[in-house]
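**Student:** coordinates only, sequence not included:
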């Protein structure tokens, strides 16, 4: 089939799907979207819009009937429905089996162990009674507890001392307990794998997090690491994705430990916050790259055009509702600054409303401009 004629279906209508469509408009590609919110970011720009839950098999089948290939921009979808559709001959990328594994952080950890992928020490617990015995096997005094299913953007994650666990278990549901990893940096590598098994990676990025919300505040590319560590990070990410044996685009998140080891933390089977800078900073953005895979086109170059820093634009504290942006003139008057808003009509505290990518001659130059903008750009009530 002519790749430009392939109809693409996306489960989820948020900002990630929106940027996939925006990056593909110049190729006249056809997109259908399923989402439960009729005012979602994708609603106004998709060719067809199906209103329904991402867990509703009937709605998913309605979307599938309109397209040649299905993908998703969020993990919280009905994998049983996708597996049935795949068995009936519908193409789903990445595969439902990979999505099912990634939906469960416990299965992810077991996948790492089976495939010789370095990760933090962990134990799986089914109920609160299992926590204390499990902690005896983990080194150190601190632990990261993660619910096995349903967590995102820091939700379903708790950092605790072992003494705190003895006083209060934060989650009743099955969890992964991980030994806390003292790390220098948190890194991520985006990897694309096409239908023929060809893999290509983007330059490693370094992430800075808001300590309270556990959301990325800054992303710096290239990461401030040695050439040797850059090669190791990209090779580890490629090994991780090749082990999944599925086409798609994946974000492999890692810890760089205090003794210079790389440990894989988690995988996202989709376009990801750690790749937003690629729209301006790389020859082929992560969004176009996934669309190329879905449409059956060749993989595009991942080379970096310019050092870049990406900062999330988050909803301001203390209000919900229509918003305006204070400091917008500063952002738009600076060279190498690109504002992306996600079409969300109402702001909420710490909600991702958009992002800004800043290009510079060096990572330090871009970072300095981003810090200035972070102190100027505020979302306030309209």
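**Tutor:** Arrived safely. Keep in mind the model is a prediction, meaning the values are calculated, not measured.
**Student:** Does residue 59 touch residue 34 like I think?
**Tutor:** Yes. Between residue 59 and residue 34 a contact is recorded at 5.8 Å, counting by Cβ atoms under 8 Å. Just so you know, the C-beta spots here come from the backbone N, C-alpha and C atoms, and that holds for glycine as well.
**Student:** Spit out the residues that contact the two alike.
**Tutor:** By Cβ atoms under 8 Å, 6 or more residues apart in numbering, residue 59 and residue 34 have these common neighbours: 50, 52.
**Student:** which of the two has more neighbours?
**Tutor:** residue 34 (29 against 20; other Cβ atoms under 10 Å).
**Student:** Assumed that one was part of a helix.
**Tutor:** No. Counting by DSSP: H, G, I helix; E, B strand; the rest coil, residue 34 falls outside a helix, being strand.
**Student:** what mean pLDDT does whichever helix or strand residue 290 is part of have?
**Tutor:** Residue 290 belongs to helix 286-295 when assigned by DSSP states H and E. Helix 286-295 carries an average pLDDT of 98.
**Student:** so what strands line up beside the helix or strand following it?
**Tutor:** Next along the chain after helix 286-295, taking DSSP H and E as the criterion, comes strand 308-314. According to DSSP bridges, strand 308-314 has the following sheet partners: strand 216-221 (antiparallel), strand 352-359 (antiparallel).
**Student:** Now do the same contact list for the residue most central in space within the chain.
**Tutor:** The chain has residue 272 as the residue nearest its centroid, 2.9 Å off, counting by Cα atoms, centre = their mean. Contact analysis of residue 272 by Cβ under 8 Å, 6+ apart lists 16, 188, 190, 251, 286.
**Student:** and the two most separated of these?
**Tutor:** 16 and 188 (15.0 Å; Cβ to Cβ).
**Student:** related to what we said a few turns ago, list the ones among the contacts of residue 272 that fall in strands.
**Tutor:** Judged by DSSP state E, those include 188, 190, 251 as members of strands.
**Student:** so which of the residues you listed comes closest to residue 304?
**Tutor:** Closest approach between the ones in strands among the contacts of residue 272 and residue 304, by Cβ to Cβ: residue 190, at 11.9 Å.
**Student:** That closest one pairs with what?
**Tutor:** residue 251.
**Student:** returning to what we had before: would you turn the ones in strands among the contacts of residue 272 into TSV with neighbour count and pLDDT?
**Tutor:** Shown next, in TSV, are the ones in strands among the contacts of residue 272 (neighbours: other Cβ atoms under 10 Å; pLDDT from 0 to 100):
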residue	neighbour count	pLDDT
188	26	98
190	27	98
251	23	98
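**Student:** would CSV of these with distance to residue 198 be doable?
**Tutor:** Listed next are those as CSV, based on distance: Cβ to Cβ, whole Å:
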residue, distance to residue 198
188, 21
190, 15
251, 18
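**Student:** nearest to residue 92, of those residues?
**Tutor:** Closest to residue 92, out of all of the ones in strands among the contacts of residue 272 and judged by Cβ to Cβ, is residue 251, at 18.8 Å.
**Student:** in the lowest-mean-pLDDT helix or strand in the chain, what's buried?
**Tutor:** Taking mean pLDDT, DSSP states H and E as the measure, the helix or strand of the chain with the lowest value is helix 162-167, at a mean of 84. For helix 162-167, the buried set under the neighbour-count rule, 16 or more other Cβ atoms under 10 Å, comprises 162, 165.
**Student:** What's the first helix or strand after that helix?
**Tutor:** Immediately after helix 162-167, counting by DSSP H and E, sits strand 175-179.
**Student:** neighbouring strands for that next one, and are they parallel or not?
**Tutor:** Sheet partners by DSSP bridges: for strand 175-179, these are strand 122-125 (antiparallel), strand 142-147 (antiparallel).
**Student:** can I get the ones you listed in TSV with mean pLDDT?
**Tutor:** Formatted as TSV, the strands paired with strand 175-179 follow (pLDDT from 0 to 100):
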stretch	mean pLDDT
strand 122-125	96
strand 142-147	93
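**Student:** any low-confidence regions in the stretch 151-300 of the chain?
**Tutor:** For the stretch 151-300 of the chain, applying pLDDT under 70 flags the ranges 153-154, 211-215.
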